[in-house]
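Asker: The sequence isn't on hand, but the structure is:
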């Protein structure tokens, strides 16, 4: 078991100015936001441990948020299992765990704010229609991890959009990334591992902010909830680094303060694959049942000697 790039321990320390005086670090509000669609594995433990350590070392708050908007895959016993695993590991959160399913009205209000300014548009495409469009293009435009939406519904006129909406045709809502970027202007975000990163509005294209089936989607919900919970340090896996380009845009458009970020390496198995919930043998419940102690499980997420991310 190892991380994708080796270094993933975080150490906070007091700054020392030129006169030798100590300066306090920022009080950190961090969060761990798993989806209750399975039990926690070691990759989750790494993410939770980093967020927990940053908050506790600064005298701040560590919050738990259940990202449960994908209702068909959510089960009540998974909420309980997540919380049981965290408590067993000693990673106790502050306050009451937030459930995104209780926040639909907040996501609807955020969407309406964007819609009133023409920053989103309805998308009526099915997956088959999107694949057919890519085929007509000869090749799908590629993003960091998946093909980019070809912009089919972006080409619809206002009258065509309205006709489809009035007919009752099911639709999602996509961010007009170019228009959003024109309004927001040049942006950057700061990552405590990768430094200052310019926002690229074309990186993921016109992402879905509201799915047809659940009334919201990851990008919109996570930004709205980080603002609501006043998160000032977002820690998550490096696989979500590209998503932050979209999130920074949404923060500006919705008037949400920008947090600092730390996109940490991922936990990989012996074959170099990212851990997933389907790996039952790697679940915390399975490791506990095998006789490991909380300390031994936490040790499995320790980095190689000398590998650390030092936050200054």
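Answerer: Received, thanks. Note that this is a predicted model, so its numbers are computed, not measured.

Asker: can you pull out the strands in the stretch 51-200 of the chain?
Answerer: 61-66, 98-99, 120-123, 172-175, 188-191, 195-198 (DSSP state E, counting those that start in this stretch).

Asker: quick one: which of those strands is nearest residue 49?
Answerer: When the strands of the stretch 51-200 of the chain are ranked by proximity to residue 49, the top entry is strand 61-66, at 10.3 Å, counting by CB to CB. Every residue, glycine included, has its C-beta placed from N, CA and C.

Asker: and the closest one, how far out from the chain's middle?
Answerer: Here strand 61-66 is found 13 Å from its chain centre; the criterion is CA atoms, centre = their mean, to the nearest Å.

Asker: by contact count, what packs against that strand?
Answerer: Contact here means 3 or more CB pairs under 8 Å, 6 or more residues apart in numbering; DSSP states H and E; on that basis strand 61-66 packs against strand 29-32, helix 42-57, helix 76-89, strand 98-99.

Asker: again, 6 Å this time
Answerer: In terms of contacts (3 or more CB pairs under 6 Å, 6 or more residues apart in numbering; DSSP states H and E), strand 61-66 is packed against strand 29-32, helix 42-57.

Asker: Give me the sheet partners of that strand and which way each runs.
Answerer: strand 29-32 (parallel), strand 98-99 (parallel) (DSSP bridges).

Asker: I'd like the strands of the stretch 51-200 of the chain laid out as CSV, including distance to residue 105, mean neighbour count and mean pLDDT.
Answerer: Below are those laid out as CSV (distance: least, CB to CB, whole Å; neighbours: other CB atoms under 10 Å; pLDDT from 0 to 100):
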stretch, distance to residue 105, mean neighbour count, mean pLDDT
strand 61-66, 17, 22, 98
strand 98-99, 13, 18, 98
strand 120-123, 18, 22, 97
strand 172-175, 16, 23, 98
strand 188-191, 28, 16, 97
strand 195-198, 32, 11, 96
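
Asker: can you redo the strands paired with strand 61-66 as a markdown table with distance to residue 198?
Answerer: Below are the strands paired with strand 61-66 laid out as a markdown table (distance: least, CB to CB, whole Å):
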| stretch | distance to residue 198 |
| --- | --- |
| strand 29-32 | 25 |
| strand 98-99 | 31 |
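
Asker: So which of those is nearest residue 175?
Answerer: With distances scored as CB to CB, the stretch of the strands paired with strand 61-66 nearest to residue 175 is strand 29-32 (22.9 Å).

Asker: For residue 282, which of the strands of the stretch 51-200 of the chain is the nearest?
Answerer: strand 61-66 (20.8 Å).

Asker: do you know which of the strands of the stretch 51-200 of the chain lies nearest residue 287?
Answerer: Using CB to CB as the criterion, the shortest distance between residue 287 and those is 20.3 Å, found for strand 61-66.
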